[in-house]
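quick one, what's the 3D model for this:
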Amino acid sequence: MTDPHGTAETHPGCRRTSFGWALEDVVSGKPWFRLYAEFVSDPKVQLLAFEDQRHFVALLCLKCNGTLDTDAVSVDHRERMIARALGLDPASAAEAKRRLKEIALIDDHWQPVRWSTRQYESDSSTQRVHKFREKQRETLPKRFRNVQEQSRTDTEQTRAEQKAAVSPSPAGLDLEAWKIWKAYRKEIKKPIREGSMKAAMEAMAALGSNQRIAVDHTMANGWQGLREPERKRGFGDANYVPAKTADQLEAETNG
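Here you go, the predicted model:
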């Protein structure tokens, strides 16, 4: 069957579409456009028959997808291409064009009037997607490094705990206090490493009955190293020096 719109030989550099022959470098348009609610009550639109209202909306679609901005092989070819897209024969398309021009909805070239004032460049997500992907490329390697470091730390902590489980605990170690201390160090991102696990256990055991007190005191102050509360000097301390009385201070002053 012969194509009424011609063949590839008669339209070099073009490709066959559902509405005719179009150049291969047809402008790529947007997937959607803005159609305002006032369309249904606009006086100009109300003057149109229902069929012409549909024709106008179809022209908006052709403007959106880039068809109206395509460089056609000829003016006649462009007219037939648009007529086919509207579902009209060339004569009926010419009449529809005249009616839409009469109320200033389109110009001589089928272009919708005030299109640029109704649509915005920001409606295209291309630029936003590009920025998002650039940001992802910058942040993903950093996130991956953080995950690797955390995974390495967790692995070392697990190995240390497994080794501690099979190794004998130092004599006198408060196992409950030790468990709380390990959990606290892990929580503040300073886990006790495998190489220092034994020494840390022995240091805690050396605190004797003050192990839990030292743990609570250190956690309350947000410290990393285990510390006992400072004890106030009293009569039992070898270096205790009693406070001077008021009489002693007066005597020294009058010296």
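
do me a favour and get the end-to-end distance for stretch 215-228?
End-to-end span of stretch 215-228 (C-alpha to C-alpha, to the nearest Å): 8 Å.

same question for stretch 203-214.
End residues of stretch 203-214 are separated by 11 Å (C-alpha to C-alpha).

need the residues that contact it.
169-174, 176-178, 180-181, 215, 226-229 (C-beta atoms under 8 Å, 6 or more residues apart in numbering). (Each C-beta comes from the backbone N, C-alpha and C, glycine too.)

got the domain boundaries for this structure?
According to automatic domain parsing, the chain comprises the domains 14-123, 126-230.

kindly present those as a markdown table, with separate columns for mean pLDDT.
A markdown table is the format used below for the domains of the chain (pLDDT from 0 to 100):
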| stretch | mean pLDDT |
| --- | --- |
| domain 14-123 | 81 |
| domain 126-230 | 78 |
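
can you select the buried ones from the contacts of stretch 203-214 in ChimeraX?
In ChimeraX, a selection of the buried entries from the contacts of stretch 203-214 looks like this (16 or more other C-beta atoms under 10 Å):
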select :169,173,174,177,178,180,181,215,226
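
what helix or strand does Phe33 sit in?
Using DSSP states H and E, Phe33 falls within no helix or strand.

got phi/psi on it?
phi -140, psi 170 (degrees, to the nearest 10).

list the contacts of it.
Phe33 sits next to Leu60, Cys61, Lys63, Cys64, Gln119, Asp123 when contact means C-beta under 8 Å, 6+ apart.

mean neighbour count, the domains of the chain: which tops it?
Highest mean neighbour count of these: domain 14-123, a mean of 15 (counted as mean count of other C-beta atoms under 10 Å).

so who does Pro31 touch?
Residues near Pro31 by C-beta under 8 Å, 6+ apart: none.

for it, helix, strand, or coil?
With DSSP: H, G, I helix; E, B strand; the rest coil as the basis, Pro31 sits in coil.

for this structure, which segments are assigned as helices?
Assigned by DSSP state H, the helices in the chain fall at 43-46, 50-64, 75-86, 90-102, 115-118, 126-166, 175-187, 197-205, 211-221, 246-254.

list of residues touching the fifth one?
This points to helix 115-118. Arg34, Tyr36, Lys63.

same check on the first one?
By C-beta under 8 Å, 6+ apart, the list of residues contacting helix 43-46 from outside reads Phe39, Gln53, Phe56, Ile103, Ala104, Leu105.

show me the contacts for the closest residue to Leu100 other than its chain neighbours.
Distances taken as C-beta to C-beta, 6 or more residues apart in numbering put Ile106 closest to Leu100, at 4.7 Å, once the chain neighbours are dropped. For Ile106, the contact set (C-beta under 8 Å, 6+ apart) comprises Phe56, Leu59, Lys97, Leu100, Pro112, Val113.

farthest pair in these?
By the measure C-beta to C-beta, Lys97 and Val113 form the most distant pair in the contacts of Ile106, at 13.1 Å.

for the residue nearest to Gln224 when sequence neighbours are not counted, phi and psi?
Computed as C-beta to C-beta, 6+ apart, the closest residue to Gln224 that is not its neighbour in sequence is Lys190, at 5.3 Å. Dihedral angles of Lys190 (phi, psi; degrees, to the nearest 10) stand at phi -130, psi 60.

still on that earlier bit, ok, so of the contacts of Ile106, who is nearest Ala200?
Pro112 (76.6 Å).

quick check: that closest one vs Leu60, distance?
According to C-beta to C-beta, to the nearest Å, Pro112 and Leu60 sit 6 Å apart.

again with Glu228
80 Å.

then Met197?
Note on Met197: its distance to Leu60, by C-beta to C-beta, is 72 Å.

same check on Glu187?
Between Glu187 and Leu60 the computed distance is 60 Å (C-beta to C-beta).
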